[in-house]
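Colleague: 3D, please:
(2 chains)
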Amino acid sequence: MGKPSFVYVIYIASTPEKVWQALIDPNMTEQYWFGFRVAAGGKVGEYMTARDPAGKEVHRDVILESDPPRRLVYAWHPLYDEFKHERPSRVTIELVPLKDQVRLTVEHDDFDEGSIVLEKISNGWPAVLSSLKSFLETGRGLAAPSWSGQDRATAEARV
Amino acid sequence: MIDTAGFKPKTVYVIYIASTLEKVWQALTDHELSQKYFHGSLLEIEPKVGGDFVVRFPDGRVNVKGNVVEWSPPRRLATTWTVEWIPELRELPPCLVSYDIEQSGDCVRLTVTEAYQWDVPEAMLSGGRSGWPAILSSLKSVLETGKPLGIELEPPKEMMEAVQQVVATKPWLKR
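Modeller: Numbers count the residues shown, from 1 in each chain, chains lettered A, B, ... in the order given. Sure, this is the predicted structure:
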């Protein structure tokens, strides 16, 4: 068994520069990250910060690598009470330019066994990155998906 | 009919699409539409449980074939799935591919699950893990913008190596 991690790949009809901008600029994330303002344009050692739609700070995470527009690595430590006790995990974002599109890979790892953050992000990244793709290709992000636990349990039971 | 109880999910890919359940179902089952997102291949599906399911390259060669295991429009489709175009892969037991289509807020959540009834090595799964994101990213673009993505993919080298290994040792025969 490998260490617990999550990997998600999505292809976007765009350029690495535009995808990069959309990932680091809070004025853009607000339009597809379901109202969250994520600022990740700092240098290594500075912070990625995120604010929820009400303006409350929910992330203040160290930027570990930043190589625009190809590779961005930051710590991930949500400030919500239910997750605060877990140590930070790690998000690695890679952009690879292809013919007329970009392959975006998010690898989220360095979790402890039984992490509830891992469970949350496994549901969260597909929604956020699907919305990012819609935003860049159509100009509009997706409406927030329903996150109810029952909904998820139904999907899992059917597998 | 195939007994699906022994199949364990190994790869799950989720994508959200600004569309309706019916349109996503149609895209997953329609011959003409499939060519836009399935690397140019064309889908033929007999719309009933037990029906034939074939994906053909534009020149008519068979890419993938199987049988319909569940046909529940517009929410769930499952088929057995054998990759035919790589001769060694024809020897493997089929995997089970299922599509779950659900309303999620104002959009559709599409979940693709690849399940196996034997202890398939991780390296073998790299084919699906690189292929599904490309196919489903293009499907989403077709439904949202009308324009497919022209993604060029080769089978991962690690998968081809693992294929040689499993064909030689046939681990699915072991109990």
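Colleague: Nearest spatial neighbour of residue 120, chain-adjacent residues omitted?
Modeller: As the question left the chain open, I've gone with chain A. Once flanking residues are discounted, residue A:120 sits nearest to residue A:83: 7.6 Å by C-beta to C-beta, 6 or more residues apart in numbering or on different chains. Placement of C-beta: from N, CA and C, glycine included.
Colleague: Chain B, not that one
Modeller: What sits nearest to residue B:120 in space, not counting adjacent residues and going by C-beta to C-beta, 6+ apart, is residue B:10, at 6.2 Å.
Colleague: Also residue A:20?
Modeller: In space, residue A:20 is closest to residue A:69, 3.6 Å off (C-beta to C-beta, 6+ apart).
Colleague: Could you look up the SS state of that neighbour?
Modeller: What DSSP: H, G, I helix; E, B strand; the rest coil gives for residue A:69 is coil.
Colleague: pretty sure it contacts residue A:19?
Modeller: Yes - using C-beta atoms under 8 Å, residue A:69 makes contact with residue A:19 at a distance of 7.1 Å.
Colleague: Now do the shared contacts for the two.
Modeller: residue A:95 (C-beta atoms under 8 Å, 6 or more residues apart in numbering or on different chains).
Colleague: neighbour count winner among these two?
Modeller: residue A:19 (22 against 17; other C-beta atoms under 10 Å in any protein chain shown).
Colleague: quick one: contacts for that one?
Modeller: Taking C-beta under 8 Å, 6+ apart as the test, what residue A:19 contacts is A:12, A:69, A:95, A:102, A:104, A:132, A:136.
Colleague: what's the distance between it and residue B:114?
Modeller: 27 Å (C-beta to C-beta, to the nearest Å).
Colleague: Next, give me the two most distant ones among the contacts of residue A:19.
Modeller: A:69 and A:132 (14.2 Å; C-beta to C-beta).
Colleague: still on that earlier bit, what residues does the residue nearest to residue A:20 make contact with?
Modeller: Counted by C-beta under 8 Å, 6+ apart, residue A:69 has contacts A:15, A:16, A:17, A:19, A:20, A:21, A:95.
Colleague: what about 7 Å?
Modeller: Listed by C-beta atoms under 7 Å, 6 or more residues apart in numbering or on different chains, the contact partners of residue A:69 are A:16, A:17, A:20, A:95.
Colleague: Now do stretch A:103-120: everything it contacts.
Modeller: Contacts with stretch A:103-120, where a contact means C-beta under 7 Å, 6+ apart, come from A:3-12, A:19, A:76, A:78, A:83, A:86-87, A:89-96, A:121, A:125, A:129.
Colleague: With stretch B:22-40 instead?
Modeller: For stretch B:22-40, contacts defined as C-beta under 7 Å, 6+ apart pick out B:17, B:41-45, B:55, B:58, B:73-74, B:77, B:99, B:101, B:108, B:110, B:135, B:138-139, B:142-143, B:148.
Colleague: among those residues, which ones are buried?
Modeller: The neighbour count (16 or more other C-beta atoms under 10 Å in any protein chain shown) marks B:17, B:41-43, B:45, B:55, B:74, B:77, B:99, B:101, B:108, B:110, B:135, B:138-139, B:142-143, B:148 as buried among the contacts of stretch B:22-40.
Colleague: any idea which of the contacts of residue A:69 is the one closest to chain B?
Modeller: Nearest to chain B among those: residue A:95, at 14.0 Å, using C-beta to the nearest C-beta.
Colleague: what about the closest one, neighbour count?
Modeller: Residue A:95 has 23 neighbouring residues, counting by other C-beta under 10 Å.
Colleague: Return the distance of it relative to residue A:22.
Modeller: To residue A:22, residue A:95 is 11 Å away according to C-beta to C-beta.
Colleague: Sitting in helices, which of the contacts of stretch B:22-40 do you find?
Modeller: B:135, B:138, B:139, B:142, B:143 (DSSP state H).
Colleague: how near is the fourth one to residue B:23?
Modeller: Computed as C-beta to C-beta, the residue B:142 to residue B:23 distance reads 10 Å.
Colleague: about what we covered before: could you dump the contacts of residue A:19 into TSV and include pLDDT and secondary structure?
Modeller: Formatted as TSV, the contacts of residue A:19 follow (pLDDT from 0 to 100; DSSP: H, G, I helix; E, B strand; the rest coil):
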residue	pLDDT	secondary structure
A:12	98	strand
A:69	98	coil
A:95	98	strand
A:102	97	strand
A:104	98	strand
A:132	98	helix
A:136	98	helix
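Colleague: if we can go back for a sec, quick one: the residue nearest to residue B:120 is in a helix?
Modeller: No - counting by three-state DSSP, residue B:10 is not part of a helix but strand.
Colleague: Ranking helices and strands of chain B by mean pLDDT, which lands last?
Modeller: helix B:157-169 (a mean of 88; mean pLDDT, DSSP states H and E).
Colleague: Now find how far off-centre that helix is within its chain.
Modeller: From the chain centre to the centre of helix B:157-169 is a distance of 20 Å (C-alpha atoms, centre = their mean, to the nearest Å).
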